[in-house]
Structures are given as structure tokens and as C-alpha cells.
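*Asks:* structure of the sequence below:
(chains A and B)
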There are 2 protein chains.
Amino acid sequence: MKRWLDADCLPQLARGCAILGTGGGGDSSVGLMMSLQAIADYGPVPLLGLEELPDEALIMPCGGVGAPIVGIEKIEKGDEGARLRERLEAIWGRPVAALMSSEIGGTNGMMPIVWAAPMHLPVVDADCIGRAFPELQHSTLELAGISPSPGVMTDERGNLVEFRTISGVWLERVGRAATVAFGGASSSSEYTLTAGQARGAVVDKSISLALHIGGLVSGAAEDPVAALVDGLPAAQLVRGKVVDVERRLTQGFVRGSAVVEGLGPDHGRVVRLEIQNENLVALDGGEVLASVPDLITVLDSETANAIPTERLRYGQRVTVIGFPCAPVWRTPAGLALAGPRSFGYDFDYRPVEELARARL
Amino acid sequence: MKRWLDADCLPQLARGCAILGTGGGGDSSVGLMMSLQAIADYGPVPLLGLEELPDEALIMPCGGVGAPIVGIEKIEKGDEGARLRERLEAIWGRPVAALMSSEIGGTNGMMPIVWAAPMHLPVVDADCIGRAFPELQHSTLELAGISPSPGVMTDERGNLVEFRTISGVWLERVGRAATVAFGGASSSSEYTLTAGQARGAVVDKSISLALHIGGLVSGAAEDPVAALVDGLPAAQLVRGKVVDVERRLTQGFVRGSAVVEGLGPDHGRVVRLEIQNENLVALDGGEVLASVPDLITVLDSETANAIPTERLRYGQRVTVIGFPCAPVWRTPAGLALAGPRSFGYDFDYRPVEELARARL
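*Replies:* I've put the predicted structure just below:
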């Protein structure tokens, strides 16, 4: 059965991507507007299961890089994806068969649709993280031993940079510097691979997952937050009010923290979220409620719409939820790459559902 | 007559390159040590006149990028030139015939020798500036309409970045950012061209010029500063003592200023040099003594050795000289690219010899 990403499903996809963005990945309302426009101009985009592609088919993982807050105002021109594809095809000497999200979270879950539409290429129902992460080496393809090089990066002016780095971490360092030089946001593709390499290496069916998550919220009869918490399932970390937001744009990232004061049954609790583009850690006093690589998402308590880190404001009524990451991130290699210690926190990872059970 | 760059001529070349470095281009003592070692290991390097190369011969302009002060401690590994060449040959699909200095000033006047020796390639008796300039677009090849792209940049670890930018200024912005990410220094090649394109576009015979200038100093019977001032010829801007140096490493550049207080006949004068890697402007009160694109070099008053900006210290007895840049920099296009206004100064360029005559 051929599936299409069309105007009908995009709002639901955007909601799901925002929730999987765990605060980052770019404001999904930007991705929604851009993908709706692309589909209005060029028609719906075919959604392909990874199993539908032949082993040797070349897949272009792609997305935006930079601080999400920049991406709201400095939006893509539209031909970035075509430029990345053209360069990759020149490097590999064969055509790109399909586009794939580098990360399903936020606008990055939708950028491949924006770029695929004018090129009449399909998008793969998978991504390289299963959420959003701040840095380029935070990829399941890094865990799978796929080379990040050559990575290609471009901007809305037509500049293009090609990276042949000795590691994913060096790609991140130099790519981040180039992104800052471009004004804080860029479009990029790295960890280029074949469908054969992708099988078992990427997070499969993540567009379907985002659509499912968006559907939990859109289809809820009365309490969308409860529907989401039950449907995911997720741990509800706190329900309350945003009372403090400290946020700065530095070295190409949004860094900072937000504090949520409990209301109702959570009265008296104070939960602090630490941010590097995404929500990294949720703390209640000295107690860890959830941490990377698990997902921590701030929801509007009324609508269950995810609030990205750059839109957190004093006074918002929010519910913070935590839910499990893709299983590969819970392996020793996954935790070494994206566990709390890799972000500078001095504690070991514990699964969010285990932490929630311990609090009962 | 075949000419060779060997251990005998390198000290003289280093002195000349330092004087043409106008404070920058990297500390030539580093380039001298590296080139002596390369020639000891691999033998002398042939020096070719541009006229000796066939039209279609591919020339690799190359050098170091970054704040000179970083290059003193973070030195090249040695295989950077080979990596740049390998990548350029893959891009162009044909062999590099010769290396050429991106800038004759400082260590960059000698880096092509360091890299050419192990590859047994010749070095062209020419460069792309005729002095040292801080930014990548400051090239006579920019004036000649040669594309800076694809530019290639590498570090001592083996990372390689390829730039396909819309302009030389964008190459500078992104290349500088990558250089900072690499730790403040990198090795690069840009404005790749053929010998046919180089004729009339580059500054010809600049290695010969550097050797000649070095010889003026080395061969002086008693007063090497006077020998240099007469031989160049140069305007002596002030003779005195360094009384203040303000210098900071920022955004990949050394920026700051130095103040020289006159001694002897210059008693009572206070000359200020403004620095961005190189000496940009010499001011006596509100009066401009010399400015970019003309060369301003600080000499040790005893030895006439050029003192690079990163080695300026309180108390040094120095003589500051100014001398004419290559003629192409005095054209309207040259001044637009590298005149005082392009560096943010609010005055028009006047040739250093004209300013000197006006003071008589």
C-alpha cells in the first residue's frame, strides 16, 4: 500500500514531531508551514518503508542544524535540500533514492518533506535518532559505525561546505562553527548511507510513530494530556506553572534552564529542566526525574501541544512528561554517546520508567 | 638556469619574508626551522619561474590560516600539504604541477617549501599578495576574478573541509570559523588556478624579492636598517622604543595596537600601530604615516630583523618602516578590497612615499 504525506496528515505529524523533539529540533510550526507550502506547490510526498528500498539505494539523511530560536526567523530558502542532494550525488556518483530525517524531533522531522516535494523524491519512514539531540554525532548511525563523512552543509545564500572529518565529534565541532558563521542556522546532510546499511541501524517507523503520537493528542475526546500520557505511555513528571526561564544563545546552541512550580496535586514541588537546545535533565531538588537519552517534553496543560525550549515563558501552565528513548540509546555505547555523563552530568543514567516506579 | 631553494638561501629568505610579512604571515623563524628540516630530509626544492610552466599546469596556492601567535605553538604535522594536494587533484582530476605561497609574508612565504620537499614538487617564484594580509579574500586572485572555490582546509589531525562559497568574503567567514574550531590555526589552499591564469594575476618574482630583501640586511656592512631603508627603498616612520602593546586573540585574529616613542632625532614623537594580525596603520597623533595596502614593518633597530606583531614587547628598540605594496593593490579595485576603508578606517589611502614627501 503506497502511503503519501499530504496536507491532511501534516498537522498531526507536526504535533507528533514536536512531542518527540523533547523541546528542540526546531519549532515544528515552521516545519508545518513549510511542508504545507511545499505540498501545495509540488504535490504529496511518497512515504516509503525502509524495507521497500533495494539494498544499494542511496539515502540522504538531512535536516537543519543550529539553535532552534534562530530557525524561527532565519528560515530556509527552499533549495537547500536540492543543493545537498546535487553535491552528494556528485560525491557518490549515483542518484539519491530517498530522503530521511536526521532527527524526527521538531521541524527536523518535516524538513525532508519540504525538500523532497520539489525533487519528487520519497521520504523514508525512519530517522537517525528517534528524538532530537543537540549535536551532530548524536546519531544511531554513529553507533552503527557509519562514517559521517563526507558531510555536506549549506545555507540560504548558496554557500556549501563539505566535511571529511576524522570523527562525528569533529564534524560537530567544525560543522557547528560553520553554522554559526552562516548566522546560526544551516541545512546539512551527514552519515550518508545505503538502505542496506540503514536496516537495523536507524530508528525505523519514526514518521509513523510521530503520526501516531500526534493522533493521540488530536483524537483525544477531552483531556489530551491524559490521552498522551496513557497512550505513549509516559511518566508525568510535574504539572504546574513556568516560574523561571534562563536562556542564552551561545556557541550555536540555546543553553539554559526552566523552572516549573507544581500546582494542584503537585503543589510545593519545584522541577528544574536543564536545556541544550533540547531538555536534557529534569530535577526535583537533587532528585533526577528523567534524563537524556530519555525524552523530556513540556506540554501545554490544556492542549498537550509540546512547547519548544525557545518558546518557554513565565506563567505558562504546563505538564512535563518523560518517556523512553529508542532502545539503542540504552546500550552501553548509546549511553556513552548521549547519556547524562556525555553532557557533563555527574550521575548514571536510569530509565525514566524505573525512576517513576521508584517514586510511587 | 635551474634554481634551487636550499639550506644556504633559506635564512636569507626567512629574513625577507619576515620583512614582507608587515608583522604577520606567521613567525618566520618557525617556517625557517620547518623548511630547513624538510630540505635536510628530502633535498632542495626547485624554484620555478611562472614563465617556465605550461599554460594548463595546475598551481596550488597554499599557506597557513589563523592568528600568528597560535602558529608558534600549534605547528603543522607535516602532511597537511600532501592532504590538500590529494584533495585538489581529486577535485580537478589532474596533477598539481607546483605549489605557490598564498602570501609571501612571514612563515607563509616558506610553507610551500615545507610541503613541496617531501612531494618533490617545485615552488613557483610568485605569490598571491606580495605581503601578508589577515583575511582569505585579500588576494590578487580575487582581484583577477579567479574563483576561491573549491577551497580546501585541513588540520594536523587529518580533518579536511572543502568550501564552495559564493565569494571570497564568505570563504573567509566560514574558513575562519573552521580555523577557530581547529584550535586557531589551519592549513589551506584556495583560488586554485592554472599557470596561464596566474600570469599577470599573481605577484611575480616574490620569492626572488624576499631573497633580495633578506640579502640587503644580511649583506649590510654596518647599519642593516639603513641598508634596508636605502635598498628597498622605504620611508623610515619612527625610530624609538616600544612603550605599549595591547593585544588580544579574538575571532581567530590577533587584534590590538603598539605604541613606539621616538628616541634621538625622533624624541617627542609617539607613533601608534594598529594591528589585525598584520600592522594595518601607522599614526602619529592624528596624522597617517602609512596604511594598508602599503607595508608597515617593525624592525629591530640593531639587526633590522622584522619583529612580528606577536613578539612586540615593552622596551624593544625598534625602527618602523613603510614601503609600497604591489601596484595592483593601488588600483581602485585593490583599494576597495584592502584599502584603509575596507578595514574600517575613515580615511582615504595615500601612498606611503607621498605621505613621506609631504612630511619633508
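*Asks:* got the residues of chain A near chain B?
*Replies:* For chain A, the contact set with chain B under Cβ under 8 Å from any Cβ of the partner chain comprises A:87, A:150, A:157-166, A:170, A:173-174, A:176-178, A:180-182. (Each C-beta comes from the backbone N, C-alpha and C, glycine too.)
*Asks:* return the members of those residues classed as buried.
*Replies:* With burial judged by 16 or more other Cβ atoms under 10 Å in any protein chain shown, the buried subset of those is A:87, A:150, A:159-165, A:170, A:173-174, A:176-178, A:180-182.
*Asks:* follow-up on the earlier one: just the ones of the residues of chain A next to chain B in strands?
*Replies:* A:160-164 (DSSP state E).
*Asks:* which of the residues you listed sits closest to residue B:351?
*Replies:* residue A:161 (38.9 Å; Cβ to Cβ).
*Asks:* who touches that closest one in this structure?
*Replies:* A:152-154, A:175, A:178, B:161-165, B:174, B:178 (Cβ atoms under 8 Å, 6 or more residues apart in numbering or on different chains).
*Asks:* can we see that at 10 Å?
*Replies:* A:87, A:151-155, A:174-175, A:177-179, A:181-182, A:186, A:188, B:150-151, B:153, B:161-165, B:170-171, B:174-175, B:177-178 (Cβ atoms under 10 Å, 6 or more residues apart in numbering or on different chains).
*Asks:* repeat that for residue A:349.
*Replies:* So residue A:349 contacts A:288, A:291-294, A:325, A:329-330, A:334-335, A:338-342, A:355 (Cβ under 10 Å, 6+ apart).
*Asks:* swap in 7 Å and give it another go.
*Replies:* Shown in contact with residue A:349 (Cβ atoms under 7 Å, 6 or more residues apart in numbering or on different chains): A:291, A:335, A:339-340.
*Asks:* most neighbours of all those residues, which one?
*Replies:* When the contacts of residue A:349 are compared by neighbour count (other Cβ atoms under 10 Å in any protein chain shown), residue A:291 ends up highest, at 26 neighbours.
*Asks:* state the distance from residue A:306 to residue B:44.
*Replies:* 67 Å (Cβ to Cβ, to the nearest Å).
*Asks:* could you dump the ones in strands among the residues of chain A next to chain B to JSON lines with pLDDT and distance to residue A:119?
*Replies:* JSON lines is the format used below for those (pLDDT from 0 to 100; distance: Cβ to Cβ, whole Å):
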{"residue": "A:160", "pLDDT": "98", "distance to residue A:119": "17"}
{"residue": "A:161", "pLDDT": "98", "distance to residue A:119": "21"}
{"residue": "A:162", "pLDDT": "98", "distance to residue A:119": "20"}
{"residue": "A:163", "pLDDT": "98", "distance to residue A:119": "23"}
{"residue": "A:164", "pLDDT": "98", "distance to residue A:119": "25"}
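*Asks:* quick check: the farthest pair among these?
*Replies:* A:160 and A:164 (13.8 Å).
*Asks:* thought residue A:111 was touching residue A:31?
*Replies:* Yes. Counting by Cβ atoms under 7 Å, residue A:31 is a contact partner of residue A:111 at 6.3 Å.
*Asks:* what are the buried residues along stretch A:56-73?
*Replies:* Using 16+ other Cβ under 10 Å as the test for burial, stretch A:56-73 gives A:57-72.
*Asks:* which of those residues fall in strands?
*Replies:* Those of the buried residues of stretch A:56-73 lying in strands (DSSP E): A:58-66.
*Asks:* counting neighbours, what do you get for residue A:188?
*Replies:* Around residue A:188 there are 25 residues (other Cβ under 10 Å).
*Asks:* typed the wrong thing, it's residue A:319
*Replies:* Residue A:319 is flanked by 23 other residues according to other Cβ under 10 Å.
*Asks:* partner residues bridging it?
*Replies:* residue A:239, residue A:299 (DSSP bridges).
*Asks:* repeat for residue A:160
*Replies:* Under the criterion used (DSSP bridges), residue A:160 bridges to residue A:154, residue B:164.
*Asks:* what's the pLDDT at the residue lying farthest from the centre of chain A?
*Replies:* In chain A, the residue that sits farthest from the middle, by Cα atoms, centre = their mean, is residue A:268; the gap is 32.0 Å. Note on residue A:268: pLDDT of 96.
*Asks:* with residue A:249 instead?
*Replies:* 83.
*Asks:* separation between residue A:85 and residue A:343?
*Replies:* 32 Å.
*Asks:* which one's more surrounded, the two?
*Replies:* A count of neighbours by other Cβ under 10 Å puts residue A:85 above the other of residue A:85 and residue A:343, at 22 against 19.
*Asks:* re earlier: who's more crowded, residue A:306 and residue B:44?
*Replies:* residue A:306 (29 against 17).
*Asks:* I'd say the more buried one and residue A:312 touch.
*Replies:* No. Contact criterion Cβ under 7 Å: residue A:306 and residue A:312 do not qualify, at 11.0 Å.
*Asks:* any common contacting residues for the two?
*Replies:* residue A:298.
*Asks:* can you list the buried residues in stretch A:309-328?
*Replies:* A:309-312, A:316, A:318-326, A:328.
*Asks:* of the ones in strands among the residues of chain A next to chain B, closest to residue A:203?
*Replies:* residue A:163 (23.3 Å).
*Asks:* ok, for that closest one, nearest residue in space, not its chain neighbours?
*Replies:* residue A:151 (4.2 Å; Cβ to Cβ, 6 or more residues apart in numbering or on different chains).
*Asks:* now the helices for the stretch 101-250 of chain A?
*Replies:* Applying DSSP state H, counting those that start in this stretch to the stretch 101-250 of chain A gives helices spanning A:111-119, A:140-143, A:168-181, A:195-198, A:206-218, A:224-231.
*Asks:* which ones among the contacts of residue A:349 map onto strands?
*Replies:* Using DSSP E, the contacts of residue A:349 in strands are residue A:291.
*Asks:* next, format the contacts of residue A:349 as TSV and append pLDDT.
*Replies:* Shown next, in TSV, are the contacts of residue A:349 (pLDDT from 0 to 100):
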residue	pLDDT
A:291	98
A:335	98
A:339	97
A:340	97
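*Asks:* just the ones of the contacts of residue A:349 in helices?
*Replies:* residue A:335 (DSSP state H).
*Asks:* which two in the contacts of residue A:349 are spaced the farthest apart?
*Replies:* Longest span within those, Cβ to Cβ: A:291 and A:335, 10.3 Å.
*Asks:* show me the domain layout of chain A.
*Replies:* Here the domain assignment for chain A is A:3-206, A:221-359, based on automatic domain parsing.
*Asks:* show me how far the first one is from its chain's centre.
*Replies:* On the basis of Cα atoms, centre = their mean, to the nearest Å, domain A:3-206 sits 10 Å off its chain's mean C-alpha point.
*Asks:* between the two ends of that domain, what distance do you get?
*Replies:* Length of domain A:3-206, first residue to last, Cα to Cα, to the nearest Å: 14 Å.
*Asks:* do the same with the shortest one
*Replies:* With Cα to Cα applied, domain A:221-359 spans 29 Å between its terminal residues.
*Asks:* residue contacts, residue A:158?
*Replies:* residue B:166.
*Asks:* ditto for the one 4 residues further on
*Replies:* In this structure, residue A:162 makes contact with A:87, A:150, A:152, B:161-162, judged by Cβ under 7 Å, 6+ apart.
*Asks:* using PDB, write out every CA atom in stretch A:227-235.
*Replies:* The C-alpha trace of stretch A:227-235 is given here as PDB (Å, rounded to 0.1, in the frame of the first residue of the first chain):
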ATOM      1  CA  ALA A 227      -4.600  10.700  26.400                       C
ATOM      2  CA  LEU A 228      -0.900  11.200  25.600                       C
ATOM      3  CA  VAL A 229       0.400  10.000  28.900                       C
ATOM      4  CA  ASP A 230      -1.700   6.900  28.700                       C
ATOM      5  CA  GLY A 231      -1.100   6.300  25.000                       C
ATOM      6  CA  LEU A 232       2.700   6.700  24.900                       C
ATOM      7  CA  PRO A 233       2.900   5.700  27.800                       C
ATOM      8  CA  ALA A 234       4.800   8.500  29.600                       C
ATOM      9  CA  ALA A 235       5.600   9.400  33.200                       C
END
